[in-house]
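K.L.:
I'd like to go over a predicted model; first the sequence, then the structure.
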Amino acid sequence: MTDLTDLGVKAIRDGVAAGTFSAREVAEAFNANVAAAQDALNAFIVATPEKALEAADAVDAARAKGETLGKMAGVPIGMKDLFATQGVQTTAASHILEGFTPEYESTVSANLWKAGAGMLGKLNLDQFAMGSSNETSYFGNVISPWRKQGSNAALAPGGSSGGSSAAVAARLCPAATGTDTGGSIRQPAAFTGITGIKPTYGRCSRWGIVAFASSLDQAGPMARDVTDCAIMLESMAGFDPKDSTSLDLTVPEWTDGLDPDMSGRRVGIPKEYRMEGTDSDILESWDNGIAWLRDAGAEIVEVSLPHTKYALPAYYIVAPAEASSNLARYDGVRYGLRDLPDGANLQEMYAATRAAGFGDEVKRRIMIGTYVLSAGFYDAYYNQAQRVRTLISQDFKAAFEHCDVILAPTTPTASFPLGENSDDPLAMYLNDVFAVPASLAGLPAMSVPAGLNKDGLPLGLQLIGKAFDEQGVLNAGLAIEQRAGFTARPEKWW
Amino acid sequence: MSVDRETVAKIASLARIQMDDAALDRMVPEFNGILAWVEQLGEVDTSGVEPMTAVIPNHQRLRDDVVDADPLTGGGIRDKVLANAPAAEHGFFGVPKVIE
């Protein structure tokens, strides 16, 4: 019999609907994989096998009664621990929220449960989604299931959605939620040979997602292929009156619209993304992507995004500024950790609580954010960064007058050993150099696996689309997926 | 521009993050490293450019002005609001004494 954990979202959903196997069998198989891998990979902060079974039984019962099943019916998924889940601890991987058990459910997770998905557990991540290697979690590093050929060194699964990427790559779940503020879906997807899409800003409700940088935060699916991402995104997206930036638009049937024929489509290649220091393997895989899309019928055009080099520094002003404001809510009063030294007053309690509860990277970003928003520096730093952000957005608008979708690498390197960049914040930030511009412009962007580098590690290609054009991104992604023929998976060592 | 230890201590105080001498010693060079790096934004000519306010054009909506329009965000759920408080007492959030 097929190992059910080798199946993706579509295969599971269709198999459950057809009665080839039950949703319970699927949930049991994935629950077993989650439990067996926990010590080695640390992908989950909390496993919820009973939730997965409960949802599966509901789907099996609905099927037995002949009811119409949802788009994700019978599919157990991992939930990034940034989404509030009612009755299940939600930590953002921070000590300051340890033990926090929401009384409410995030809109995105509620949408997924309504579509018939079940929860295998809460996935580990970088603390408050701040990081690119999953080394800032209070609950320990996530270990990538991938290893370099001939080495047992622990590698980064990417971040911040590192639990999500590791779990999907290791077959602990067929799909997982991610969130992307400056690359946190795409970079981990690229590092682990999976597919992930960040939709247009506003497609998925932010309500119930622990806030990091509200003008950038956007949820999206991470799964094994483009079709599975399209199915899951349809279930996650939708207008939500509880999020003031939610897009009041009908969710398109992206799955029905999937079409890998690129005839008549123009693919832009941004010349500024050919940066010094980019691995030759990455440049080679980019050239492969160009050839694949040309083979699919696309016309390839060079485009220019002149402010690309300023995207990362602008991001590291805007995102910390918003974070310093959003994270002001952790005060030891309303929820989460309280550290009350003997005789401390209220102000001292705030400072002690935040010192004890936040990790180093979170503190660093709150401090930078506080500084750039402080009197006398606001215009020089924050306003200048927001002006540069306008220019970056205008760059994309101008480029999309000459092309329909942009192809670029997702990351400047493949996955790196844990610890390699953790002493140097700036080196770590550079991981997101190709991912951040689309985030600043709010555009839909996806990473699809493109092959392996010479060490046997996965590489991703990124597709960036016009606002609201997830379909164009998914279609170009599918054209690449069909030609890349990526079937590699990590050899099981855990 | 480089900031001194005193400035970093002031920022930590504004951010309500307690920092001892060792933490400040670590933070000052990191802080200056990041600031030196973001300084490059100063090279960009942004005269006449409006700062970004909304990345995707959208309009601000107002909800209907009625109580409990949405039961999740309406009132009457005191115990749920207090459920995760580290020191809830008598239906309130408990804090150290603030009035002498």
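P.N.:
It's in.

K.L.:
quick one: is the helix or strand bottoming out on mean pLDDT in chain A near chain B?
P.N.:
The weakest-scoring helix or strand in chain A, judged by mean pLDDT, DSSP states H and E, is helix A:425-429 (a mean of 86). Yes - applying CB under 8 Å from any CB of the partner chain, one finds helix A:425-429 touching chain B at A:425-426. In this view, the C-beta of every residue, glycine as well, is placed from N, C-alpha and C.

K.L.:
so the next helix or strand after that helix, near chain B or not?
P.N.:
For helix A:425-429, the following helix or strand on the C-terminal side (DSSP states H and E) is helix A:436-440. Yes - for helix A:436-440 and chain B, the contact criterion (CB under 8 Å from any CB) is met by A:Leu440.

K.L.:
before we move on, back to that, pull the CA atoms of the least confident helix or strand of chain A into CSV?
P.N.:
Taking C-alpha atoms only, helix A:425-429 is exported to CSV below (Å, rounded to 0.1, in the frame of the first residue of the first chain):
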residue,chain,number,x,y,z
PRO,A,425,22.9,40.1,12.2
LEU,A,426,23.8,41.8,8.9
ALA,A,427,25.0,38.6,7.3
MET,A,428,21.8,36.9,8.3
TYR,A,429,19.7,39.8,6.9
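
K.L.:
who does that helix touch, helix- and strand-wise?
P.N.:
When contacts are defined as 3 or more CB pairs under 8 Å, 6 or more residues apart in numbering or on different chains; DSSP states H and E, helix A:425-429 sits against helix B:21-38.

K.L.:
helices or strands next to the helix it packs on in the packing?
P.N.:
Using 3+ CB pairs under 8 Å, 6+ apart: helix B:21-38 touches helix A:311-326, helix A:360-372, helix A:425-429, helix B:5-14.

K.L.:
and if we set it to 6 Å?
P.N.:
Counting contacts by 3 or more CB pairs under 6 Å, 6 or more residues apart in numbering or on different chains; DSSP states H and E, helix B:21-38 packs against helix A:311-326, helix B:5-14.

K.L.:
grab the nearest non-local neighbour of A:Leu391.
P.N.:
Excluding its sequence neighbours, the residue lying closest to A:Leu391 (CB to CB, 6 or more residues apart in numbering or on different chains) is A:His307, at 4.8 Å.

K.L.:
that neighbour: neighbour count?
P.N.:
Burial of A:His307 is recorded as 21 neighbouring residues (other CB atoms under 10 Å in any protein chain shown).

K.L.:
with B:Lys80 instead?
P.N.:
12.

K.L.:
and the strands in chain A?
P.N.:
Taking DSSP state E, the strands of chain A run over residues A:44-47, A:76-80, A:118-123, A:175-180, A:195-198, A:218-223, A:266-270, A:299-303, A:405-409, A:445-452, A:458-465.

K.L.:
winner for burial among those?
P.N.:
The highest average neighbour count among the strands of chain A, using mean count of other CB atoms under 10 Å in any protein chain shown, belongs to strand A:195-198 at a mean of 33.

K.L.:
do that one and chain B meet?
P.N.:
No - Strand A:195-198 lies out of reach of chain B by CB under 6 Å from any CB of the partner chain, never closer than 12.6 Å.

K.L.:
so how far is that strand off the chain centroid?
P.N.:
7 Å (CA atoms, centre = their mean, to the nearest Å).

K.L.:
show me what that strand is packed against.
P.N.:
strand A:218-223, helix A:226-236, strand A:445-452.

K.L.:
repeat that for 8 Å
P.N.:
Partner elements for strand A:195-198 (3+ CB pairs under 8 Å, 6+ apart): strand A:175-180, helix A:186-192, strand A:218-223, helix A:226-236, strand A:445-452, helix A:470-484.

K.L.:
before we move on, the earlier item: reformat the strands of chain A as CSV; add mean pLDDT and distance to A:Asp279.
P.N.:
Converted to CSV, the strands of chain A look like this (pLDDT from 0 to 100; distance: least, CB to CB, whole Å):
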stretch, mean pLDDT, distance to A:Asp279
strand A:44-47, 98, 31
strand A:76-80, 98, 28
strand A:118-123, 98, 28
strand A:175-180, 98, 22
strand A:195-198, 98, 20
strand A:218-223, 98, 23
strand A:266-270, 98, 18
strand A:299-303, 98, 21
strand A:405-409, 98, 9
strand A:445-452, 98, 13
strand A:458-465, 98, 9
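
K.L.:
between these, which one is closest to A:Gln386.
P.N.:
Across the strands of chain A, A:Gln386 has its closest neighbour in strand A:218-223 (18.2 Å, CB to CB).

K.L.:
the closest one vs helix A:226-236, what angle?
P.N.:
Angle of strand A:218-223 versus helix A:226-236, following axes from the mean of the first three to the mean of the last three CA atoms, to 10 degrees, is 140 degrees.

K.L.:
show me the shaky parts of chain B.
P.N.:
B:1, B:100 (pLDDT under 70).

K.L.:
90 - rerun?
P.N.:
Applying pLDDT under 90 to chain B flags residues B:1-2, B:57-77, B:97-100.

K.L.:
measure the residue nearest the centre of chain A to chain B for me?
P.N.:
The C-alpha lying nearest the average C-alpha coordinate of chain A belongs to A:Ile185 (CA atoms, centre = their mean; 2.1 Å). According to CB to the nearest CB, to the nearest Å, A:Ile185 and chain B sit 17 Å apart.

K.L.:
now that residue: how far from A:Ala170?
P.N.:
Look at A:Ile185 and A:Ala170: by CB to CB, to the nearest Å, they are 17 Å apart.

K.L.:
how about A:Met72?
P.N.:
On the measure of CB to CB, A:Met72 and A:Ala170 end up 21 Å apart.
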